[in-house]
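Visitor: Sequence plus predicted model, see below.
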Amino acid sequence: MGMVLLKMILGSLLLLFLSSNFASAHIGIQPLSKIAIHKTIFALRDSASIKASPVVLGLKGEDSEWVSVDLENSEPSQDDWIGVFSPAKFNGSTCYLENEPKVVTPYICTAPIKYQFANFSSSSYTNTGKASIKFLLINQRADFSFALFSGGLSSPKLIAVSNHITFANPKAPVYPRLALGKSWDEMTVTWTSGYNIDEAVPFVEWGLKGHNQRRSPAGTLTFQQNSMCGSPARTVGWRDPGFIHTSFLKDLWPNTVYSYKMGHMLPNGSYVWSKMYSFRSSPYPGQDSLQRAIIFGDMGKGERDGSNEYNNYQPGSLNTTDQLIKDLNNIDIVFHIGDITYANGYISQWDQFTSQVEPIASSVPYMIASGNHERDWPGTGSFYDGTDSGGECGVLAQNMFFVPAKNRAKFWYSTDFGMFHFCIADSEHDWREGSEQYRFIEECLASVDRQKQPWLIFASHRVLGYSSDEHYGLEGSFEEPMGRESLQKLWQKYKVDIAFYGHVHNYERSCPIYQNQCVNSGRSHYSGVVNGTIHVVAGGAGAHLSEFSTVNTTWSLYKDYDWGFIKLTAFNHSALLFEYKKSRDGKVYDSFTISRDYRDVLACVHDGCEATTLAS
């Protein structure tokens with residue numbers, strides 16, 4: 001017993017060590033964290049000015065609009081920059097400081113929501129002192145102002161502040177996110193607004209096109225600054241999240257198109273409406289029809305106006321988003337398996353992400369999983385003791401998006417979509433044998449009827465299976481420590497078809513494998529008995545890319561150091577197509593097919609056999 005305990009302790013220490021080293025090597029820098037906002041010196045100049053127009057945005061109901069910012073500065077320099085602040089008043093009168101000495105006042109204690117260097121789009125600025133810069137703003141429940149700083153990001157001096165601008169209705173309902181409910185015939189709609197329940201009653205009006213519409217009530221949630229676990233989420237990154245509403249649309253007909261819009265009824269009896277949207281309801285579990293799922297991790301958000309220009313998430317993230325929008329008519333459901341926004345404690349970035357994915361998430365279920373950048377924070381119960389969430393400790397993810405979990409603070413859940421059964425794990429909580437999550441994983445895998453749902457998919461954020469990532473390679477086992485050791489017997493016993501992971505920012509596909517051995521020599525087509533699981537790393541949706549190990553991993557069939565995503569197409573109960581597409585062009589660069597009969601799933605394989613008896 002003592003030896004077992006010692007092994008567990010040593011294993012946990014190894015996991016923490018490797019996690020720390022992996023994170024330090026892989027973590028991208030949140031652009032807003034580069035700004036030493038507490039060091040700001042108040043140095044307004046009469047010879048500097050900054051003006052923004054138009055003053056009122058969204059007059060035709062738009063949720064986003066381009067703004068022109070014109071600036072003049074008699075003493076221009078290469079490192080002058082413009083910060084976008086919202087709310088528009090950003091003085092330090094309400095600062096919350098956590099274990100930080102108070103600096104010289106007046107100071108600013110709130111990070112901007114985005115920024116841009118003055119010479120970024122006006123290269124003549126340093127010579128003329130004049131620039132005109134375009135910013136794309138989204139409705140974020142408050143007004144905006146623009147501030148001109150000198151001294152770069154590390155020693156900012158505030159030299160000019162603009163007029164205030166605002167959306168016509170800053171509280172309007174925006175950015176709907178669909179998600180499957182806890183039963184196959186339920187769709188949830190989550191959105192954000194500026195209306196608390198004492199100001200307006202939230203609901204969704206929906207129904208079949210051309211038929212009577214019905215109304216479903218919505219629940220309302222929010223959270224406060226003291227819900228955050230650390231800095232910057234609790235300090236300079238804090239921004240009021242508004243109110244998050246979720247409505248449950250129930251008793252849907254399978255595979256049917258519904259239209260919907262979000263509404264808020266004001267005390268005077270008038271209504272505030274969102275735009276009109278539509279979605280197709282889920283197929284009945286086991287239904288034989290064309291079903292297409294997108295899977296990726298680690299997308300993050302980009303800026304279409306080029307702001308936050310040190311953000312190396314922009315090319316991949318926006319390209320992935322745009323490819324999915326382009327192919328939206330051929331997509332039925334999306335799984336974003338962890339590392340959602342990379343807000344890292346800068347709360348404003350969640351609004352910007354939900355705006356970026358709105359064309360997708362408003363049309364098809366957008367299912368998420370928990371990653372290190374959503375959950376990890378020391379002393380908060382996360383399996384890893386890192387600081388990657390920036391103090392969010394899961395609060396943003398579990399409020400901004402709905403998942404059909406029993407407890408949304410524990411981000412594991414199962415969900416059905418036609419012929420697919422998905423088991424989504426939470427790699428930021430303990431998955432080892434004997435844990436609460438391990439019991440869930442086995443129950444999820446065991447509960448599927450493979451005659452009705454032949455395609456069994458496992459997914460988690462961190463790589464609990466196989467990856468040739470450079471840092472996993474340095475550890476020698478090419479996985480998250482204690483990952484497949486705990487779970488591979490479940491994958492084998494229940495004959496999991498494919499296991500997906502993010503965390504590593506590249507693409508890689510293994511052979512069907514069990515206990516480090518390829519069990520099938522095929523590369524592009526698999527048929528017959530399910531005697532091993534294919535492991536796929538799909539973490540290249542937008543974040544900075546990860547290098548591969550130089551070690552030759554014999555089980556690795558395809559590697560790609562590029563941005564991309566996965567598309568699964570179930571044609572029927574016997575045929576599945578897997579495609580890896582690059583985000584830059586949407587073309588297929590790796591693919592395989594699976595064909596088999598139900599008896600192939602039932603067949604006895606090594607470590608995957610039910611007990612038998614000779615009794616007659």
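Guide: Cool, got the structure.

Visitor: isn't residue 603 right next to residue 450, touching?
Guide: No. Here residue 603 does not reach residue 450: they are 11.3 Å apart, not a contact under C-beta atoms under 8 Å. Where you see a C-beta, it was placed from the backbone N, CA and C, and this is true even at glycine.

Visitor: which of the two has more neighbours?
Guide: Using other C-beta atoms under 10 Å as the criterion, residue 603 and residue 450 rank with residue 450 on top: 19 against 16.

Visitor: Residue 614 - how many residues pack around it?
Guide: So residue 614, with other C-beta under 10 Å, has 4 neighbours.

Visitor: From residue 604, how far out is it?
Guide: 15 Å (C-beta to C-beta, to the nearest Å).

Visitor: wait, residue 356 sits on residue 321?
Guide: Yes. Under the criterion of C-beta under 8 Å, residue 356 makes contact with residue 321 at 5.8 Å.

Visitor: Number of residues surrounding residue 42?
Guide: Residue 42 sits with 14 neighbouring residues when counted by other C-beta under 10 Å.

Visitor: Spatially central residue in this protein, please.
Guide: The chain has residue 340 as the residue nearest its centroid, 1.9 Å off, counting by C-alpha atoms, centre = their mean.

Visitor: list the helices and strands whichever strand or helix holds residue 441 packs on?
Guide: Here residue 441 sits within helix 436-446, counting by DSSP states H and E. Packing partners of helix 436-446 (3 or more C-beta pairs under 8 Å, 6 or more residues apart in numbering; DSSP states H and E): strand 420-424, strand 455-460, helix 483-493.

Visitor: immediately after the helix or strand of the chain with the lowest mean pLDDT, which helix or strand?
Guide: Ranking every helix and strand in the chain by mean pLDDT, DSSP states H and E puts helix 2-26 at the bottom, with a mean of 41. Going down the chain from helix 2-26, the next helix or strand is strand 41-42, by DSSP H and E.

Visitor: Centre of the chain to that following strand, how far?
Guide: Distance of strand 41-42 from the chain centroid (C-alpha atoms, centre = their mean, to the nearest Å) equals 36 Å.

Visitor: ok, back up a step: secondary structure class for the residue nearest to the centre of the chain?
Guide: Using DSSP: H, G, I helix; E, B strand; the rest coil, the structure places residue 340 in coil.

Visitor: is it true that residue 461 touches residue 501?
Guide: Yes. The criterion here is C-beta under 8 Å, and residue 461 meets it with residue 501 at 7.0 Å.

Visitor: Common neighbours of the two, please.
Guide: Counting by C-beta atoms under 8 Å, 6 or more residues apart in numbering, the residues touching both residue 461 and residue 501 are 297, 337.

Visitor: And for the helix or strand hosting residue 593, what's in contact with it?
Guide: Residue 593 belongs to strand 588-595 when elements are defined using DSSP H and E. Applying C-beta under 8 Å, 6+ apart, the contact partners of strand 588-595 are 497, 507, 509, 522-527, 558, 560, 564, 574-582.

Visitor: just the buried members of those residues?
Guide: 497, 507, 509, 526, 560, 564, 574, 576, 578-582 (16 or more other C-beta atoms under 10 Å).

Visitor: Which single one of these is nearest to residue 252?
Guide: Nearest to residue 252 out of the buried ones among the contacts of strand 588-595 is residue 576 (C-beta to C-beta; 25.2 Å).

Visitor: which residues does that closest one bridge with?
Guide: residue 570, residue 594 (DSSP bridges).

Visitor: For it, which residues are in contact?
Guide: By C-beta under 8 Å, 6+ apart, the contact set of residue 576 is 455, 497, 568, 569, 570, 593, 594, 595.

Visitor: how about stretch 467-481: buried residues?
Guide: In stretch 467-481, counting by 16+ other C-beta under 10 Å, buried: 467, 468, 469, 470, 471, 472, 473, 475, 478, 479, 480, 481.

Visitor: all helices of the stretch 501-616 of the chain, in order?
Guide: Residue ranges of the helices in the stretch 501-616 of the chain, as given by DSSP state H, counting those that start in this stretch, are 598-602.

Visitor: do the same with the stretch 101-250 of the chain
Guide: With helices called from DSSP H, counting those that start in this stretch, the stretch 101-250 of the chain shows them at 125-128.

Visitor: ditto for the stretch 351-500 of the chain
Guide: For the stretch 351-500 of the chain, the helices defined by DSSP H, counting those that start in this stretch cover 358-361, 372-375, 395-400, 436-446, 470-475, 483-493.
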